[in-house]
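Peer 1: okay, here's the prediction I keep looking at, along with the sequence it came from:
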Amino acid sequence: MLASRLDFFNNNIRNKSLSKEERIKIYKKYKAPTERELKQKYEYMKGVSAVALQQASRHLMVAFNRYFKGISTQPKFHSKKHNNSFTVLSDIHFCWDNRTLQITKLGKVKFKNRSLPLWLRQGYKKICNVTVIKTPSNQYYASILFEVEEQPKLKSENQTIGLDFSPADEYVDSNGLSGRDFGYIPQRQKHLKQLRKLQRRLTKKKEGSRNREKARLKFARLEQHIANSRRDWIEKESLRLVRTYNVIGIEDLTTKNLIMYSKNARNYLDTSWGTFAFKLVDKSTRHKCVVIKADRFFASSKLCHICGYKKIDMSLKTRHWVCPVCHTEHNRDVNAAINLKLNAIKILSEGQEFRSAEGVEEIVKLALNNFGASNETEKEIS
């Protein structure tokens, strides 16, 4: 399907001086081969569910639409080693007692799971789809999308918080706590000796041998364990934050740019800040929470949150500093988190990009009251 679209694109659109509207108009004339035509040409496609083929086609259409809108780059071929998955939408029979999952054209497949999942204990309305994924370590996972009736959660009294990025602790919040206080562990640093040991064993094995494949699997399983542990903490912590607070102010960072000019790149990669920020934004819509990213050039670390003084000459090595105007001693990360919190309140109060948010006025009032700002600070915010 991708090869057919790329041929049409290269022959009719590429290297031609066309406007965006003209490109889209020409591309709409393209007629993709149907699933029936593909099955007649490629016999192996009859061995899988028709829904899996339809989902693959939809994913490709979405990728090209995003490309023409300028959101992403042009779709390209991916390696079979790292992109093995398919999705089915119907005829799904899930039985926890027998540990079986029945999928079209596969039949009943046994799975392993130690404890009853939380979503299964709380109950669900229906299973929407199942995505079967093969990992580089030759393990298969079934990712189940289900529908539940979300119960309203009570928020804490403190309705707003600011999160400042920290390479060592994931984040430092405006209350002086960090990700480590809620169970954050830099997984790659924790398993660094094991990674080095398995990497050395892998490089010493002969290319194409069975021993090299065994060593590769051991290394891939450890990498997968690290990724799963990191993802598990991010999912739980992001859910805790959006359930606890109504307003969350965070930084808009591109860690790839920071890694290029930093000697602490290993810790930057371990935090997976981009995924953490994405999960916060994604879950906030379901828990009546507003996540606000500060402007990329907002000087959160250099501003005094008491008087607003900006300390221009501040290096990354400076972790504590004293404001020369109000003589307040600041912890760099905590001060930055408080500034991100105030910035989020200010943006909400001015209604920038959040005019249609439900309950914004109530959220701002609660945030201002709980923050306990002085009269001068309230005037600046308003």
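Peer 2: Sure thing, it's come through.

Peer 1: what sits against the residue most central in space within the chain?
Peer 2: Most central in the chain under C-alpha atoms, centre = their mean is Thr275, positioned 3.0 Å from the mean C-alpha point. Contacts for Thr275 were tallied using C-beta atoms under 8 Å, 6 or more residues apart in numbering; they are Arg231, Ile234. No exception for glycine: its C-beta is placed from N, CA and C like everyone else's.

Peer 1: okay, it and Ala336: tell me how far apart.
Peer 2: Using C-beta to C-beta, to the nearest Å, Thr275 is found at 21 Å from Ala336.

Peer 1: ditto for Phe298
Peer 2: From Phe298 over to Ala336 the distance is 10 Å, taken as C-beta to C-beta.

Peer 1: which one's more surrounded, the two?
Peer 2: The neighbour comparison of Phe298 against Ala336 (other C-beta atoms under 10 Å) goes to Ala336, with 27 against 17.

Peer 1: wait, is that one part of a helix?
Peer 2: Yes: secondary structure assignment places Ala336 in a helix (DSSP: H, G, I helix; E, B strand; the rest coil).

Peer 1: correct me, but it touches Ser301?
Peer 2: Yes: Ala336 lies in contact with Ser301 (C-beta atoms under 8 Å); the separation is 4.4 Å.

Peer 1: please identify every residue contacting each of the two.
Peer 2: Residues touching both Ala336 and Ser301 by C-beta under 8 Å, 6+ apart: Asp164.

Peer 1: which stretches in this protein count as strands?
Peer 2: Secondary structure of the chain (DSSP state E): strands at 84-88, 93-95, 100-103, 107-110, 126-134, 140-147, 160-166, 170-173, 247-250, 290-293, 320-322, 329-331.

Peer 1: turn those into CSV, including mean pLDDT, mean neighbour count and distance to Asp270.
Peer 2: Formatted as CSV, those follow (pLDDT from 0 to 100; neighbours: other C-beta atoms under 10 Å; distance: least, C-beta to C-beta, whole Å):
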stretch, mean pLDDT, mean neighbour count, distance to Asp270
strand 84-88, 83, 17, 26
strand 93-95, 80, 12, 35
strand 100-103, 85, 18, 33
strand 107-110, 87, 10, 34
strand 126-134, 85, 15, 23
strand 140-147, 86, 13, 23
strand 160-166, 90, 25, 11
strand 170-173, 91, 26, 9
strand 247-250, 91, 26, 18
strand 290-293, 89, 22, 22
strand 320-322, 86, 13, 25
strand 329-331, 86, 15, 22
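
Peer 1: what's the closest of these to Lys76?
Peer 2: Taking C-beta to C-beta, strand 84-88 is the member of those nearest to Lys76, at 16.8 Å.

Peer 1: OK, contacts around the nearest residue to Thr73 once chain neighbours are set aside?
Peer 2: Leaving aside its sequence neighbours, Thr73 sits nearest to Tyr67 (C-beta to C-beta, 6 or more residues apart in numbering; 6.7 Å). When contacts are counted by C-beta under 8 Å, 6+ apart, Tyr67 touches Thr73, Gln74, Pro75.

Peer 1: now the residue nearest to the centre of the chain: how far from Met260?
Peer 2: 19 Å.
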